[in-house]
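**Q** could you work out the structure for the sequence below:
(4 chains)
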Number of protein chains: 2
Amino acid sequence: MHRPGGARAGAARRVLDLLRAEGVISRVELAERTGLTAATITNTVRPLVADGLVGEVGRDPQPGRGQPRRLLRLVAGAWHAVGIQVDRTSATIVVLDFAGARVATANLPGTGGRGPDATVAALADHVDSLLDRAGVARSRVLGVGLVTHGPQDLERGVLLTAQPGPEWLEYPLTGTLAERLGLPVLLENDANAAALGEMWAGAPRTDTFGLIYMASGIGGGVIVDGEVYRGRASNAVEIGHVALAGGSRPCVCGGAGCAQAEAAPHTVVARALGDRVLAERFAVTGARDGTLADFDRIARAWRAGDADAAAMLERSAHWIGQAAVTLVNLFDLDTVVLAGPAFAVAGTLYRDHVAAALERRALGRALSGPRVHVSSNAGSAAAHGGALHVLRTMPVGAPPRLPAAEPARGGAP
Amino acid sequence: MHRPGGARAGAARRVLDLLRAEGVISRVELAERTGLTAATITNTVRPLVADGLVGEVGRDPQPGRGQPRRLLRLVAGAWHAVGIQVDRTSATIVVLDFAGARVATANLPGTGGRGPDATVAALADHVDSLLDRAGVARSRVLGVGLVTHGPQDLERGVLLTAQPGPEWLEYPLTGTLAERLGLPVLLENDANAAALGEMWAGAPRTDTFGLIYMASGIGGGVIVDGEVYRGRASNAVEIGHVALAGGSRPCVCGGAGCAQAEAAPHTVVARALGDRVLAERFAVTGARDGTLADFDRIARAWRAGDADAAAMLERSAHWIGQAAVTLVNLFDLDTVVLAGPAFAVAGTLYRDHVAAALERRALGRALSGPRVHVSSNAGSAAAHGGALHVLRTMPVGAPPRLPAAEPARGGAP
DNA sequence: GCCAATTATTAACCTGTTAAATTTAAGGTG
DNA sequence: CACCTTAAATTTAACAGGTTAATAATTGGC
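**A** The predicted structure follows:
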């Protein structure tokens, strides 16, 4: 377990995590919250300050006597990280500073159609220009978190699925992108990435919870004690393919009654398309890459008070609720988060249904029934989490000194 | 994470685990299998030998040149542990020596009916007499692993379920038993205990697998990297209450279509009782505490070639298969073990059904489809695992010297 | 009897830890 | 104002567990 050089493990990692979550915090609070001793905090923080990763920013204006707590915070500009989420039909890129704040975002429609070579090249170009626009020096980027859907081999950095096309299977995804960008690239699952993001952004600060991610497909992620549950080979929580009571629709996985087949946006849209009147009222197009847009139209119709839209969404939410019950009972959780673009518009409807299902069926929750939340940034949570994954995983040493003149990009210091 | 005194953690624990699993093993193999350095092995083994927990037993007769490997093994008599499994209708007690071998077993029918006070007293009496009969000195017993079904609070050592009766809820179970016996008592779930037992006894030596435990009820356990997955509060893997596609029977948990309600022995027996002809042919009694006995009769009829019995069991196995698929997909496993008295007779039928279901529906298992095994000692696996849990969890130092004369109980040294 | 191969042990060191001083800076008090 | 009290931060020393690199021990083969 010897980790040489700059890879900060154990104490340092927990301190940085907490610093990132809280923004500004004193050493004493760091000790309390991490469970480490004050001595350990001192010894851990000292080199972080020396390396320019952490800075002191005044003192805690608390009334009592005694030496006031000196407040610490991450030096935002010390490092940056890039998060890229590639969906079937689009990509989202975010750039975070070392404190975890978003300094740039880009949305690229229509990414999946071309082959992997073209797609990776396009992504790299966009990362380049996004970093330039944000004025982030390449030498200060810690790495890239690449977030995709479906089974992956994290070690080798390849997808284990033939979607969007067979040429993606076993394509050296992280390798190619890393070489092109000259930066390390970490692969991560969309649901896990969103869950990591939720650890910081999430309203209810908890370190053990489950997450259901719904975009084109449905995925799940579980965080236990602040770490992603990975199972045997990091392809855990395939909640899109749990068989549900009452389900019957055939699924791409070969089974029937899967959550994916019953509840995913595609199914909701297909139902609308099946009824001429509804299809017209919701203006669903049925376009190959427009499932999520169609789904959003239905969701907006619901928000405008359309009863038929409500019925269709409730039918989907019913299945998500059932899946959540299974997730909670198997992993012993007390919080469930809903994330992903599909929850962006109708998140509250899903939340209420899931909460009701858990209320009825979750076991062992004698006290305090499970809580359900919709992710605050349901749309880009996964890309954000991918970048956070890089920030907390990659070894950090002192950031390199920048060359003499940094192109000043206006604004306050 | 400082563990004072005799509590051996990290290296020592891994060495003891491996020693217990392999029986006899050299230092070199110990280093290879644990991933620790040869030096660490030396430093770890030395105090274990000094404390009389590990002994050298000759050398490895390998052909090549060089210094031969010296073989090590646990000193069986150094310590002992007791495992008690309490079911609704009976209890099993086992005594293991330090090497994990069973030195005594007892089966007590009809335990649940009386209140907790009377039950605990009876259990303690039986432990006492079992230890006496086996000639195990009380001072050399490390502790007792108490194994029960359903939700528990491991910290406080109480059950969180009102079964078998409301007076069991919050009854100070481990406290009372520990005081009465003068030994530490650890509470554990039956499925987790059986899974722990399987780690050693199991044919396929793997450290990441799931287990389905079926007695009166259905429970689940997951082991990842040799450790029990516990979740938020150690009540994980409630697989008895996953909702299954096509299920509809109401369940005690308030839901419907639960694995428990569809597949448990009680349901199979109830179906037989519903048909006068079958009930007579299988000689099911429908007695309140005879569910498992009735179930065994049906299983034996299946083994004797009865087609109706086969149909009934296959119906149950169908649900177990579906539950196994959910377990494997959510926890990302490649091995499933079936354990518990319900699999004692018809284990192979269930195994075949579960294997077929996983073949069809398990994801991400591109290579090497998941394997399914029936526990070798399906009946007493849980009690055995409870005792093993004590052996590997309790701090071990040098065993106390026994008083001058130990009552010799005949037999070779 | 010596060499080569292999196993086991020792010594030095590195990281992170705890427990017990020690320092620091307010705030109160004579 | 000088001095004490107190809360908090920090340093120190000892130690725990693990690592590498060098050393010692044991044997088979020539």
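**Q** which parts of the helix or strand where residue A:46 lies are buried?
**A** Following DSSP states H and E, one finds residue A:46 within helix A:38-50. Buried residues in helix A:38-50, counted by 16 or more other C-beta atoms under 10 Å in any protein chain shown: A:40-41, A:44-45, A:48. In this view, the C-beta of every residue, glycine as well, is placed from N, C-alpha and C.
**Q** which bits of the stretch 101-250 of chain A sit near chain B?
**A** Contact residues, the stretch 101-250 of chain A versus chain B (C-beta under 8 Å from any C-beta of the partner chain): A:151, A:160, A:208, A:220, A:224, A:229-239, A:241-248.
**Q** which members of these are classed as buried?
**A** A:151, A:160, A:208, A:220, A:224, A:229-239, A:241-247.
**Q** need the contact partners of the helix or strand where residue A:349 lies.
**A** Assessed by DSSP H and E, residue A:349 sits inside helix A:343-361. The contact list for helix A:343-361 (C-beta atoms under 8 Å, 6 or more residues apart in numbering or on different chains) reads A:214, A:296, A:299-300, A:302-303, A:310, A:313-314, A:316-318, A:320-322, A:324-325, A:328-329, A:336, A:338, A:365, A:369-375, A:378-379, B:241, B:243, B:253-255.
**Q** in strands only, show me the residues you listed.
**A** The members of the contacts of helix A:343-361 that map onto strands under DSSP state E are A:214, A:336, A:338, A:371-374.
**Q** which of those ranks first by neighbour count?
**A** The most neighbours of any of the ones in strands among the contacts of helix A:343-361, using other C-beta atoms under 10 Å in any protein chain shown, belong to residue A:214, which has 30 neighbours.
**Q** if we can go back for a sec, show me which pair in the ones in strands among the contacts of helix A:343-361 is furthest apart.
**A** By the measure C-beta to C-beta, A:214 and A:371 form the most distant pair in the ones in strands among the contacts of helix A:343-361, at 18.6 Å.
**Q** need the strands for the stretch 1-150 of chain A, in chain order.
**A** A:24-26, A:54-59, A:70-74, A:80-86, A:90-97, A:102-109, A:141-148 (DSSP state E, counting those that start in this stretch).
**Q** what's the first one in contact with?
**A** For strand A:24-26, the external contacting residues (C-beta under 8 Å, 6+ apart) are A:18-19, A:33, A:57, A:60, A:69-73.
**Q** most neighbours out of these, which is it?
**A** Neighbour-wise, the contacts of strand A:24-26 (other C-beta under 10 Å) top out at residue A:72, 24 neighbours.
**Q** if the residue nearest to that residue when sequence neighbours are not counted is in a bridge, with which residues?
**A** With sequence-adjacent residues excluded and distances taken as C-beta to C-beta, 6 or more residues apart in numbering or on different chains, residue A:72 is closest to residue A:54, at 5.5 Å. In this entry, residue A:54 is beta-bridged to residue A:74, by DSSP bridges.
**Q** show me what contacts residue A:54?
**A** Counting by C-beta under 8 Å, 6+ apart, residue A:54 has contacts A:19, A:45, A:48, A:72-75.
**Q** for residue A:99, phi and psi?
**A** phi -80, psi 0 (degrees, to the nearest 10).
**Q** so which helix or strand takes in whichever residue of the stretch 101-250 of chain A sits closest to chain B?
**A** Closest contact between the stretch 101-250 of chain A and chain B, by C-beta to the nearest C-beta, is at residue A:231 (2.8 Å). Assigned by DSSP H and E, residue A:231 belongs to neither a helix nor a strand.
**Q** which positions in the longest helix anywhere in chain A come out as buried?
**A** Longest helix in chain A, counting residues (DSSP state H): helix A:307-331. Neighbour-count burial for helix A:307-331 flags A:308-310, A:312-314, A:316-331 (criterion: 16+ other C-beta under 10 Å).
**Q** same thing with stretch A:175-190?
**A** A:176-178, A:180-181, A:183-190.
**Q** narrow the residues you listed to those in helices?
**A** A:176-178, A:180-181, A:190.
**Q** and these, which two are furthest apart?
**A** A:180 and A:190 (22.1 Å).
**Q** please identify the buried residues of stretch A:280-295?
**A** A:281-282, A:284, A:289, A:291-295.
**Q** list the contacts of the residue nearest to residue A:259 when sequence neighbours are not counted.
**A** Of all residues not flanking residue A:259 in the chain, residue A:323 sits nearest, at 4.4 Å (C-beta to C-beta, 6+ apart). By C-beta under 8 Å, 6+ apart, the contact set of residue A:323 is A:212, A:218, A:220, A:239, A:242, A:244, A:259, A:263.
**Q** could you chop chain A up by domain?
**A** Split into domains by automatic domain parsing, chain A comes to A:10-74, A:80-193+A:386-393, A:203-375.
**Q** between those, which gets nearest to residue B:143?
**A** domain A:203-375 (24.9 Å).
**Q** off-centre distance for that closest one?
**A** 16 Å (C-alpha atoms, centre = their mean, to the nearest Å).
**Q** roughly how far apart are the nearest residue to residue A:230 once chain neighbours are set aside and residue B:329?
**A** In this structure, residue A:230 finds its nearest non-sequential neighbour in residue A:236, 5.9 Å apart by C-beta to C-beta, 6+ apart. For residue A:236, the distance to residue B:329 (C-beta to C-beta, to the nearest Å) stands at 9 Å.
**Q** what does residue A:130 give?
**A** 36 Å.
**Q** and the stretch 251-400 of chain A, which residues reach chain B?
**A** Neighbours of chain B within the stretch 251-400 of chain A, by C-beta under 8 Å from any C-beta: A:253-257, A:322, A:325-327, A:329-334, A:360-361, A:363-364, A:366.
**Q** if you set the cut-off to 6 Å instead, what comes out?
**A** A:255, A:257, A:322, A:326, A:329-334, A:361, A:363-364 (C-beta under 6 Å from any C-beta of the partner chain).
**Q** still on that earlier bit, which ones among the contacts of residue A:323 lie within strands?
**A** A:212, A:218, A:220.
**Q** give me the residue from the stretch 301-413 of chain A nearest chain B.
**A** residue A:332 (2.8 Å).
**Q** ramachandran angles for the closest residue to that residue other than its chain neighbours?
**A** Among residues not flanking residue A:332 along the chain, residue B:231 sits closest, at 2.8 Å (C-beta to C-beta, 6+ apart). When read as degrees, to the nearest 10, the backbone of residue B:231 gives phi 70, psi -150.
**Q** thank you kindly, that will do.
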